[in-house]
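>>> Compute the structure for the input listed below.
(chains A and B)
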Amino acid sequence: MKLIGIALFTVFAMLAFVLNPTTTTEARSGLEIGATAESFSLPDTDGAAKSLDDLKGKKGTLVVWLSAQCPVVKGYKDRINEIAAAYQSKGIAFIGINSNATEDLNWVKSNKAEYGYNFPILIDKGNVLADKWGATVTPEVYYLDAKNVLRYHGAIDNDRNGKNITDAYLKTAFDSALSGKEIVKTSANAFGCSIKRAQKAE
Amino acid sequence: MKRCISNGTKAAATGWLFVLFLSFDTSGQTKSRPTVRTAKPVAVKKAAPPIKVTLVDEVSIRKILEPNGKPLLVNFWATWCDPCREEFPDLVKLDNEFEGKIDFITVSLDDPEEIATTVPKFLASMKAEMPAYLLKTADESAVITAISKDWQGGMPFTVLYGADGKLTYFRQGKVVLEKLRAEINKSFDNAPAQPVGDLSLHP
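Predicted coordinates for the structure are as follows:
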């Protein structure tokens, strides 16, 4: 087992070296771990403006980018609802964001009811917030602490199908934060749907 | 034979047997880049051979992505991903245009249960002849980060490596045919390319 572990480590180290260029001209931009998110105000599915400051929780806020049509989000909806139910009661507020230009308000609204989200879904028309924060995938989560400082960003867990979760990134981050411990893994990626951004006028 | 996974003579022998088996089984859709570019079917109108999709993991995909003396284009996709399906005709077009000049593979992120059903069915409907793989890994984050540190996992994702194995271009989101064609043409230049990333923030 040890040998396999060493071999795997070596392979990944080599993979990272071979495949990961030292630079790209367009580095990922957006809200960085440790940075403080500015409050934002967006309409919910009933058209009422809601701000981060209005909605934030005493123990922080989970902002999750969602999509009505994305099959990966569909695969995660029950887990999202379970996590929301478990951690809202511990003081973490949940906010859904929909930045997909291809999904109209009625679709988002009916999807919210269908999937049973018990938290607001805000409409990010023109993907302004997604651009500002650098969100590109659904589902993609940002966990802000009580002071709106970004503590965790990325995937919910390491298994889209939910059958073989071995690393529940988000829950682990929540549990660490709630118990006053350092969040060890502050970001993780997972395959998901690209956010369908609005076409920009040239 | 640097692309063969060598894990001792016994394993190598087993591997060769497996390769031999696949070469009879896969009708040109095979396991490693050097041998996949068999001649396209002669224009005899009969049913196309079934498309074989090969399962890869975080280790074996590395072998496939090793430099091979030619630029390598890799498209990560899934049948459940609308823009992935939408861009496929353009990818097939480019595959035909650059046949023999570049290697082009597709990597599906579908459920492994669909490796013999939905995935090859879609590829057949697209007349996609590039070598097709399906990635199964317990650590998607590690694979994503290894491919590009700027990739957050959104699909489709298309990445181009120069002949020396260095990443020269990537795009998260649907490819733009002309742009990708230009990037492929640029990849034939010997001059070291400055990597260009496109996270499709402004399509």
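
>>> how about the helices of the chain, start to end?
In the absence of a named chain, this looks at chain A. A:2-19, A:52-55, A:71-88, A:105-115, A:128-133, A:169-178 (DSSP state H).

>>> meant chain B, my bad for not saying
B:9-25, B:33-36, B:60-64, B:82-97, B:118-125, B:140-147, B:177-187.

>>> Now do stretch A:126-137, average pLDDT.
In this model, stretch A:126-137 has a mean pLDDT of 96.

>>> List the buried residues for it?
A:127, A:129-131, A:133-137 (16 or more other Cβ atoms under 10 Å in any protein chain shown). Where you see a C-beta, it was placed from the backbone N, CA and C, and this is true even at glycine.

>>> Run through the bridge partners of the spatially most central residue of chain A.
In chain A, the C-alpha closest to the average C-alpha coordinate belongs to A:Val141, at a distance of 1.2 Å (Cα atoms, centre = their mean). Counting by DSSP bridges, A:Val141 forms beta bridges with A:Val64, A:Gly154.

>>> What distance do you get for it to chain B?
12 Å (Cβ to the nearest Cβ, to the nearest Å).

>>> now chain B, which segments are flagged as low pLDDT?
B:1-48, B:190-203 (pLDDT under 70).

>>> what's the neighbour count on residue 71?
The chain I'm using is chain A. Number of residues near A:Pro71 (other Cβ atoms under 10 Å in any protein chain shown) recorded here: 16.

>>> Chain B, not that one
With other Cβ under 10 Å as criterion, B:Pro71 counts 26.

>>> least trustworthy helix or strand in chain A by mean pLDDT?
helix A:2-19 (a mean of 47; mean pLDDT, DSSP states H and E).

>>> if we can go back for a sec, let's have the buried residues of stretch A:126-137 in TSV, adding distance to A:Asp53.
Formatted as TSV, those follow (distance: Cβ to Cβ, whole Å):
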residue	distance to A:Asp53
A:Asn127	21
A:Leu129	14
A:Ala130	19
A:Asp131	21
A:Trp133	16
A:Gly134	21
A:Ala135	20
A:Thr136	25
A:Val137	26
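
>>> contacting residues around the residue nearest to the centre of chain A?
Taking Cβ atoms under 8 Å, 6 or more residues apart in numbering or on different chains, we find A:Val141 in contact with A:62-65, A:152-156, A:170.

>>> any chance of the helices of chain A in TSV, with distance to chain B too?
Formatted as TSV, the helices of chain A follow (distance: least, Cβ to the nearest Cβ, whole Å):
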stretch	distance to chain B
helix A:2-19	4
helix A:52-55	21
helix A:71-88	4
helix A:105-115	14
helix A:128-133	6
helix A:169-178	8
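
>>> can you list those in CSV and add distance to B:Ala116?
Below are these laid out as CSV (distance: least, Cβ to Cβ, whole Å):
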stretch, distance to B:Ala116
helix A:2-19, 27
helix A:52-55, 46
helix A:71-88, 20
helix A:105-115, 31
helix A:128-133, 37
helix A:169-178, 31
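
>>> nearest to B:Glu66, of those?
helix A:2-19 (7.3 Å; Cβ to Cβ).

>>> Tell me the one of the contacts of A:Val141 nearest B:Arg62?
A:Ala155 (21.6 Å).

>>> That closest one against A:Lys171, yeah?
No. Under the criterion of Cβ atoms under 8 Å, A:Ala155 makes no contact with A:Lys171, lying 11.7 Å away.

>>> Please say which of those two ends up with more neighbours.
A:Ala155 (28 against 17).

>>> how about stretch A:178-191: buried residues?
Neighbour counts over stretch A:178-191 (16+ other Cβ under 10 Å) mark A:183, A:186-191 as buried.

>>> Sorry, wrong one. I was asking about stretch A:68-87.
For stretch A:68-87, by 16+ other Cβ under 10 Å, it's A:68, A:70-77, A:79-81, A:83-84, A:87.

>>> What mean pLDDT does it get?
Stretch A:68-87 comes out at a mean pLDDT of 97.

>>> what sits up against it?
A:62, A:64, A:66-67, A:94, A:98, A:100, A:102-103, A:107-108, A:110-111, A:115-119, A:138-139, A:156-157, A:160-162, A:170-171, A:174, A:191-193, B:80-82.

>>> Report the buried members of the residues you listed.
A:62, A:64, A:66-67, A:94, A:98, A:100, A:103, A:108, A:111, A:115, A:117, A:119, A:138-139, A:156-157, A:160, A:170-171, A:174, A:191-193, B:80-82.

>>> In strands only, show me these.
A:62, A:64, A:94, A:98, A:138, A:192-193 (DSSP state E).

>>> which one of these sits closest to chain B?
Each of those was checked against chain B using Cβ to the nearest Cβ; the closest is A:Gly192, at 5.3 Å.
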